[in-house]
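Trainee: sharing a sequence plus its predicted fold:
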Amino acid sequence: MKLSDLLIALRYWVSSEVRIILLSSILLLSFSSQIKAGVDSFNISPNGIGIKGFSTDSVVNKAGNDLTLRDAVNFALLHNPELAAFTKEMRALEGATLQAGLLRNPELSVNVENVGNIQKLSGDINSQDSVAKEVVQQLTTIRIGQLIELGGKRAARVNAALLGEELAAMDYETRRVEIIARVANVFTEVLAAQERLRLAEETRQVAQNVVNSVTERVQGGKVAPIEETRVKVGLSTTRIEYEQAQRDLTSARKRLALLWNNSSPQFSKVLGNLETLIVPPNLQMLEERVLSNPMALRAMKNIEQRKALLEVEQTRRIPNLTINAGVVHHAQLGGSTAVASVMIPLPLFDRNQGNIKDAYQRVDKAVDEQAAMELRLKTELTQSYEAMSAAWNEINILRDEILPGAKSAFHVMRRGYELGKFGLLELLDAQRILFQNQLLYVRALANYQRLVNDIERLIAAPIDSIRPNR
């Protein structure tokens with residue numbers, strides 16, 4: 001993980017013990033394991049795991065490099081604009097927390113009455129004329145007032161703002177997990193496209209060999225020339241499929257490079273093995289782990305923030321106290337008098353009833369949203385698990401039963417055709433069945449890996465960290 005991300009997440013650790021416990025658990029669970037969640041699902045060979053000895057931009061700027069899944073994840077996390085936007089939001093909330101903890105500014109007021117009547121009294125100050133002048137003399141009043149918040153308003157605001165920062169950090173973690181899963185899925189597509197291209201090349205070579213065999217038999221007068229035409233049509237079909245596999249691979253490579261904001265992929269190939277599979281673990285264990293998902297943790301933290309906002313509204317029922325102190329200057333008499341006042345609103349009509357009711361309802365809403373989030377995660381987990389189990393069975397049947405039989409049938413048909421025991425249609429049919437089942441096998445492997453990636457996204461941890469259900 002980036003050092004800057006760690007500093008952003010822990011910048012208020014000195015002020016909140018609860019916050020450091022929460023963020024420590026998030027960092028241990030998410031920051032370290034989520035990258036491993038995507039990487040370990042492929043069980044790449046030891047030479048491919050981890051960062052190679054080149055910089056972040058080397059794969060982007062230099063050709064001839066092989067790309068591992070961990071490389072792709074790191075590039076996406078470093079250059080993805082969505083994560084950058086979430087980082088800016090977290091930093092913006094620092095300002096909101098800072099503002100929530102500031103004291104109110106004092107207020108200075110200057111009031112002048114009877115402007116201009118500043119002549120001094122002369123003669124008998126008890127005469128009617130002097131008394132009249134004294135009544136209308138200029139008075140200058142200077143006051144300094146300070147609002148004092150009562151009921152713990154400032155502490156409640158700071159607590160709510162800190163919880164808002166933690167929610168933003170969890171949003172960041174949720175998006176990181178989603179990006180890692182997205183990279184793993186596109187990486188799987190590239191890996192499967194490479195395998196399909198290899199199969200298409202092998203099939204084209206097999207078709208060419210069949211054409212050569214048929215041509216020899218036609219030249220020897222053993223079969224009719226129409227059979228040579230048929231096998232050449234089949235060879236043309238394999239060429240089309242090969243070109244389609246090339247286009248699919250090019251498209252998948254571009255989609256992968258775009259995840260780290262690069263439109264021209266410079267890596268030569270991706271490293272991985274689709275046939276390295278993880279046995280589906282127990283569903284109950286996965287359901288227990290799904291509650292550690294950042295989305296589930298965010299839903300629970302959202303309840304805490306809503307309760308904190310409710311506390312903020314409850315503290316606003318208590319009126320604030322305003323203290324004023326100053327002096328009054330008498331222009332004619334030439335003296336000054338100290339004045340002081342205390343103001344407090346009387347909560348007769350507005351006791352913040354509406355905002356308190358609103359806050360109560362939003363707490364209840366957050367509880368319902370948390371239950372709905374858990375249900376949604378468990379539903380998605382169950383669907384992905386059932387699909388993964390079905391893909392696991394499909395892979396086993398294709399690998400252990402169908403593919404060995406299809407390969408054996410093709411070799412027998414080809415040898416029998418050369419000996420004149422089978423016709424061309426039987427040979428072409430065996431060739432077609434073998435190629436189709438090989439493609440089905442690759443698709444099943446890629447689908448299984450995508451489902452593993454989806455489950456790891458839901459549990460925010462590597463699936464092989466859970467003991468398999470043997």
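Mentor: Perfect, I can see it now. Numbering: from 1, shown residues only.
Trainee: residues in contact with residue 455?
Mentor: Residues in contact with residue 455, defined by Cβ atoms under 8 Å, 6 or more residues apart in numbering, are 286, 381, 384-385, 388, 463. All C-beta spots, glycine's among them, are computed from the backbone N, C-alpha and C.
Trainee: next: residue 290.
Mentor: Residue 290 sits next to 296, 374, 377-378, 381, 458-459 when contact means Cβ under 8 Å, 6+ apart.
Trainee: low-scoring stretches of the stretch 1-150 of the chain, by residue?
Mentor: Applying pLDDT under 70 to the stretch 1-150 of the chain picks out residues 1-64, 116-136.
Trainee: go again with 50.
Mentor: Residue ranges of the stretch 1-150 of the chain with pLDDT under 50: 1-64.
Trainee: show me where the stretch 251-400 of the chain has strands.
Mentor: 267-270, 321-330, 336-343 (DSSP state E, counting those that start in this stretch).
Trainee: so which of the ones you listed is the most surrounded?
Mentor: Stretch with highest mean neighbour count among the strands of the stretch 251-400 of the chain: strand 267-270 (a mean of 18; mean count of other Cβ atoms under 10 Å).
Trainee: still on that earlier bit, of the strands of the stretch 251-400 of the chain, which is nearest residue 159?
Mentor: Comparing these against residue 159 with Cβ to Cβ, the closest turns out to be strand 321-330 (21.8 Å).
Trainee: was I right to think residue 339 contacts residue 325?
Mentor: Yes. If you go by Cβ atoms under 8 Å, residue 339 and residue 325 touch, sitting 7.3 Å apart.
Trainee: let's see stretch 178-185 as CSV, backbone CA atoms only.
Mentor: The C-alpha coordinates for stretch 178-185 follow below in CSV (Å, rounded to 0.1, in the frame of the first residue of the first chain):
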residue,chain,number,x,y,z
GLU,A,178,-13.8,-3.4,-6.7
ILE,A,179,-10.9,-2.2,-8.8
ILE,A,180,-8.7,-5.1,-7.8
ALA,A,181,-11.6,-7.5,-8.8
ARG,A,182,-12.0,-5.7,-12.1
VAL,A,183,-8.3,-6.0,-12.9
ALA,A,184,-8.4,-9.6,-12.0
ASN,A,185,-11.3,-10.3,-14.2
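Trainee: buried stuff in that stretch?
Mentor: Buried residues in stretch 178-185, defined by neighbour count with 16 or more other Cβ atoms under 10 Å: 179-185.
Trainee: and what of stretch 256-275?
Mentor: Using 16+ other Cβ under 10 Å as the test for burial, stretch 256-275 gives 256-257, 259-260, 262, 265-267, 270-272, 274.
Trainee: which two among the residues you listed are spaced furthest apart?
Mentor: The widest separation within these (Cβ to Cβ) is 24.5 Å, between 262 and 274.
Trainee: restricted to helices, list the buried residues of stretch 256-275.
Mentor: With helices defined by DSSP state H, the entries of the buried residues of stretch 256-275 inside them are 256-257.
Trainee: ok, so of the buried residues of stretch 256-275, who is nearest residue 221?
Mentor: Residue 221 lies nearest to residue 274 out of the buried residues of stretch 256-275, by Cβ to Cβ, at 46.1 Å.
Trainee: who touches the helix or strand residue 407 falls within?
Mentor: Residue 407 belongs to helix 403-418 when assigned by DSSP states H and E. The contact list for helix 403-418 (Cβ under 8 Å, 6+ apart) reads 210, 213, 217, 422-424, 426-427, 430-431, 433-434, 437-438, 441.
Trainee: repeat that for stretch 98-110.
Mentor: Outside stretch 98-110, the residues that touch it by Cβ under 8 Å, 6+ apart are 140-147, 149, 154, 157-158, 160-161, 324, 326.
Trainee: go through these and name the one nearest residue 94.
Mentor: The closest of these, once distances to residue 94 are taken by Cβ to Cβ, is residue 161, at 9.3 Å.
Trainee: could you report the distance from residue 139 to residue 343?
Mentor: As judged by Cβ to Cβ, to the nearest Å, residue 139 and residue 343 stand 21 Å apart.
Trainee: so which residue is smack in the middle of the chain?
Mentor: Of all residues in the chain, the one closest to the mean position by Cα atoms, centre = their mean is residue 175, 0.9 Å from it.
Trainee: okay, that one: pLDDT?
Mentor: Note on residue 175: pLDDT of 91.
Trainee: hmm, residue 86 and it touching each other?
Mentor: Yes. In terms of Cβ under 8 Å, residue 175 counts as a neighbour of residue 86; the distance is 5.6 Å.
Trainee: who's in contact with the residue nearest to the centre of the chain?
Mentor: 82-83, 86.
Trainee: mark which of these are buried, thanks.
Mentor: 83, 86.
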